[in-house]
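**Student:** Provide a 3D model corresponding to the input given below.
(chains A and B)
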Amino acid sequence: MLEISNVRKTFNAGTANEVRSLQGISLAIEEGSFVVVIGSNGSGKSTLLNAVAGAFTVDEGSLSVDGHDVTRWPEYKRASLIGRVFQNPFSGSAPHLSIAENLALASRRGKTRGLGWAQGGDLRPRMLETVKGLGMGLEMRLDNAIGSLSGGQRQALTLLMATWLKPKVLLLDEHTAALDPRSAEQIIRITNSIVARDGLTTMMVTHSMQQAVTYGDRLVMLHRGKVIQDFSGSEKSRLRPEDLLARFEEVRRADLLDSTAAQLLRRRYI
Amino acid sequence: MSLVLGALTIGCILALLALGVFVSFRIFAFPDLTAEGTVTLGAAVSASLIVHGFDPATATAMAVLAGAAAGMVTGILHTRFKINGLLAGILVMTALYSVNLHIMGRSNIPLMGSATFTTWAGKLAAAGHLGETVRLLGRDVAVVDLTVLGVALLFVVLVAIALHAFFRTHLGTAMRATGDNPQMIRALGASDDNMITAGLALSNGLVAMAGALLAQYQGFADVQMGIGMLVWGLASVIIGEALIGTGKLGHLFAGAVFGSVIFRLLVAVALRWGLDPNDLKFITAAFVFLALVSPGLLAKLRGPAGAENVNA
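**Tutor:** Down below sits the predicted model:
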């Protein structure tokens, strides 16, 4: 469903601030697979999601979604295949528009937007029903500006918006990281039930080791722009948070070793 | 009384300008200086066509198209060539000055004796057989003036209703979302670049329509008539928001129309009381400055509790 082949991206190439974010990442994600992506800060996990979404074009490699080579597609065009939820709960909805208007926009994701009424047809009753399913009481407030809601409520609605039309790929970029623990728990549960219900092909970046081991059927660990670990099947389901933390520690030690070894060599030979 | 009627009529015509400025400034948060050039462009196109024998409706329609094209150029400069929005507007406004002179062939075109929407309204009044004047609020009022005002008002109300409807369609809602959160509208599959370009075309089409009707009403097009028009439109939008509020989309459009009429009326009264017309633009600019900073100042005076009342 999603094919990432040897993708590379360097920001500020040739300057002092050069960052090699993605250094040849390849991943093939099958239809219906729920992939969790973890990695330390600067490992390139969010960058990888943004590369798929088309926030920038990659330097090398190719991306294909549902058989379409999207490597050169602009961000808005890829949105016809991809649903997204961002880390910032304010990024996914228009604050001055009502809940209903935001959902109406989502109901045309990737389609032409003509002069039909935004909330025409059977959209309104469907909104009522779907929003009621969140269990947040928001169905009573469909015509309120979405900016008046809490971060958790907005994130739940963004999730509905991203999946209103079944996306070929759903991208979740640390979408619970900015929420309080209770809201985060609520959002991750809603996420899991929507993904399971619609059998969505999903990539979820997370900081939470607990989420990483509990959800998804595959886990990919990134480090310095490369895939260093890829667990799936029973291997994934047996993982515990401690295993992941141990692996992180191992990687950190290897990094330290790298720099100390380099120093050692330098002292000896230069 | 005819002074009041005149002020009301110009207020109605300039309400189209206020609606155009509302679209660019409030919906897209884009201070679009192109408007200063498109007011004149609208006047120039319609006046030139009218003196060449075109009927006022065709001339006004062509003016709207010309304005929309100018807005599109600004949009393309801003979105495709990544030029700062203010600068893109200034570039197009400056270029339009030459374009307008070429269209008019000189700096001023008088429309005396030509068929305009005003003479058309005059014929309508004559067909009504209402006589020369009617008594209104204890004064004699020329029926012609009243009909012109009625036609202008009806026209503006129809345009405002059409805009209100448009901004509730799929396309219109996407445009509003673009001004609110461009990241979100890209993630939902609409090109924010295209939305901004189309929005500026719409905005400048409305502004050119105001210019075309203003030229026909005052009986001439002048290459200088656009100066200060953006600030004028902003003042109208701000007055409308203060009087009618920003609660609903409909309030905003009604506010822009109402604000324009009230503002023109205030100006007419001030001029009558002896305000030097040369000071008008200074006072308008000072007013917009005060209106822009006062919500923040008031919030500060009220203390931290009032600070969260500031809305965009």
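
**Student:** close to chain B: what parts of chain A are there?
**Tutor:** Proximity of chain A to chain B, by CB under 8 Å from any CB of the partner chain, involves residues A:53, A:74-77, A:79-80, A:84, A:86, A:90-97, A:101-102, A:104-106, A:108-111, A:113-119, A:161-162. Yep, even glycine has a C-beta here, placed from its N, CA and C like the rest.

**Student:** quick one: the strands in the stretch 1-150 of chain B?
**Tutor:** Per DSSP state E, counting those that start in this stretch, the stretch 1-150 of chain B carries strands over the ranges B:108-110, B:133-136, B:139-142.

**Student:** where does the chain have low pLDDT?
**Tutor:** Let's take chain A. A:259, A:270 (pLDDT under 70).

**Student:** not what I meant, chain B
**Tutor:** B:1, B:129-130, B:302-312.

**Student:** ok, back up a step: dump the strands of the stretch 1-150 of chain B to JSON lines, plus distance to chain A.
**Tutor:** Formatted as JSON lines, the strands of the stretch 1-150 of chain B follow (distance: least, CB to the nearest CB, whole Å):
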{"stretch": "strand B:108-110", "distance to chain A": "36"}
{"stretch": "strand B:133-136", "distance to chain A": "41"}
{"stretch": "strand B:139-142", "distance to chain A": "41"}
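
**Student:** export those to TSV and append columns for distance to B:P277 and mean neighbour count.
**Tutor:** Shown next, in TSV, are these (distance: least, CB to CB, whole Å; neighbours: other CB atoms under 10 Å in any protein chain shown):
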stretch	distance to B:P277	mean neighbour count
strand B:108-110	18	15
strand B:133-136	27	11
strand B:139-142	24	14
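
**Student:** okay if I get those strands as JSON lines plus distance to A:K132?
**Tutor:** JSON lines is the format used below for those (distance: least, CB to CB, whole Å):
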{"stretch": "strand B:108-110", "distance to A:K132": "62"}
{"stretch": "strand B:133-136", "distance to A:K132": "56"}
{"stretch": "strand B:139-142", "distance to A:K132": "58"}
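
**Student:** of the ones you listed, which approaches B:A126 most closely?
**Tutor:** strand B:139-142 (11.9 Å; CB to CB).

**Student:** who touches A:L239 in this structure?
**Tutor:** A:212-213, A:219, A:231 (CB atoms under 8 Å, 6 or more residues apart in numbering or on different chains).

**Student:** any idea how far it lies from A:G44?
**Tutor:** Separation of A:L239 from A:G44 (CB to CB, to the nearest Å): 21 Å.

**Student:** one more: A:L170?
**Tutor:** Where A:G44 is concerned, A:L170 sits at a distance of 20 Å (CB to CB).

**Student:** my guess is A:G216 contacts A:S232, does it?
**Tutor:** No: between A:G216 and A:S232 there is no contact under CB atoms under 8 Å: 9.4 Å.

**Student:** which of those two has more neighbours?
**Tutor:** Per other CB atoms under 10 Å in any protein chain shown, whichever of A:G216 and A:S232 has more neighbours is A:G216, with 24 against 15.

**Student:** give me phi/psi at that one?
**Tutor:** phi 90, psi 160 (degrees, to the nearest 10).

**Student:** do the same with A:N17
**Tutor:** phi -90, psi 20.

**Student:** check A:M204 too.
**Tutor:** phi -120, psi 120.

**Student:** so how many other residues sit close to the closest residue to it other than its chain neighbours?
**Tutor:** In this structure, A:M204 finds its nearest non-sequential neighbour in A:L172, 4.1 Å apart by CB to CB, 6 or more residues apart in numbering or on different chains. Using other CB under 10 Å, A:L172 has 26 other residues around it.

**Student:** mind giving me the packing neighbours of the helix or strand containing A:L172?
**Tutor:** Element membership of A:L172, judged by DSSP states H and E, is strand A:169-173. Under the contact criterion of 3 or more CB pairs under 8 Å, 6 or more residues apart in numbering or on different chains; DSSP states H and E, strand A:169-173 touches helix A:45-53, strand A:82-85, strand A:202-205.

**Student:** turn those into a markdown table, columns for distance to A:A196.
**Tutor:** Formatted as a markdown table, the helices and strands packed on strand A:169-173 follow (distance: least, CB to CB, whole Å):
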| stretch | distance to A:A196 |
| --- | --- |
| helix A:45-53 | 21 |
| strand A:82-85 | 15 |
| strand A:202-205 | 10 |
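
**Student:** now mean neighbour count too, for those, in CSV please.
**Tutor:** CSV is the format used below for these (neighbours: other CB atoms under 10 Å in any protein chain shown):
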stretch, mean neighbour count
helix A:45-53, 23
strand A:82-85, 28
strand A:202-205, 27
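
**Student:** let me know which of the ones you listed is the nearest to B:G233.
**Tutor:** strand A:82-85 (36.8 Å).

**Student:** list the contacts of the next helix-or-strand element following the closest one.
**Tutor:** Toward the C-terminus, strand A:82-85 is succeeded by helix A:99-106 as the next helix or strand (DSSP H and E). Applying CB under 8 Å, 6+ apart, the contact partners of helix A:99-106 are A:93-94, A:97, A:118-119, A:123-124, A:127, A:130-131, A:138, A:141-144, A:146, A:149, A:157, A:160-162, A:164-165, B:170, B:173-174, B:176-177, B:185, B:188.

**Student:** and after the longest helix along chain B, which helix or strand comes next?
**Tutor:** When chain B is parsed with DSSP state H, its longest helix is helix B:192-218. Next helix or strand after helix B:192-218 toward the C-terminus (DSSP H and E): strand B:220-222.

**Student:** list the strands paired with that next one, with their directions.
**Tutor:** strand B:108-110 (antiparallel) (DSSP bridges).

**Student:** distance from the chain centre to the strand it pairs with, please.
**Tutor:** How far strand B:108-110 lies from its chain's middle: 21 Å, per CA atoms, centre = their mean, to the nearest Å.

**Student:** stretch B:62-79 close to chain A?
**Tutor:** No: Stretch B:62-79 is not in contact with chain A by CB under 8 Å from any CB; minimum separation 12.0 Å.

**Student:** which residue does the stretch 151-270 of chain A have closest to chain B?
**Tutor:** The nearest approach of the stretch 151-270 of chain A to chain B comes at A:M161, 7.3 Å away (CB to the nearest CB).

**Student:** so who does that residue touch?
**Tutor:** A:83, A:92-93, A:102-103, A:105-106, A:109, B:188.

**Student:** distance from whatever helix or strand it lives in to the middle of the chain?
**Tutor:** Element membership of A:M161, judged by DSSP H and E, is helix A:151-163. Averaging C-alpha positions (CA atoms, centre = their mean) puts helix A:151-163 13 Å from its chain's average.

**Student:** in it, what counts as buried?
**Tutor:** A:151-163 (16 or more other CB atoms under 10 Å in any protein chain shown).

**Student:** ok, now stretch B:217-234?
**Tutor:** In stretch B:217-234, counting by 16+ other CB under 10 Å, buried: B:217-219, B:221-223, B:225-226, B:228-234.

**Student:** one more: stretch B:232-243?
**Tutor:** Under 16+ other CB under 10 Å, the buried positions of stretch B:232-243 are B:232-241.

**Student:** out of these, which are close to chain A?
**Tutor:** Okay, of those, nothing touches chain A (CB under 8 Å from any CB).

**Student:** if we can go back for a sec, in a markdown table: the contacts of A:L239, plus secondary structure and neighbour count.
**Tutor:** Formatted as a markdown table, the contacts of A:L239 follow (DSSP: H, G, I helix; E, B strand; the rest coil; neighbours: other CB atoms under 10 Å in any protein chain shown):
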| residue | secondary structure | neighbour count |
| --- | --- | --- |
| A:A212 | helix | 23 |
| A:V213 | helix | 21 |
| A:L219 | strand | 23 |
| A:F231 | strand | 22 |
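
**Student:** ok, what's across the strand from B:V134?
**Tutor:** B:V141.

**Student:** need the contact list for it.
**Tutor:** B:V134 neighbours (CB under 8 Å, 6+ apart): B:140-141, B:143, B:146.

**Student:** same check, this time on B:L96
**Tutor:** B:34, B:37-38, B:40-41, B:70 are the contacts of B:L96 under CB under 8 Å, 6+ apart.
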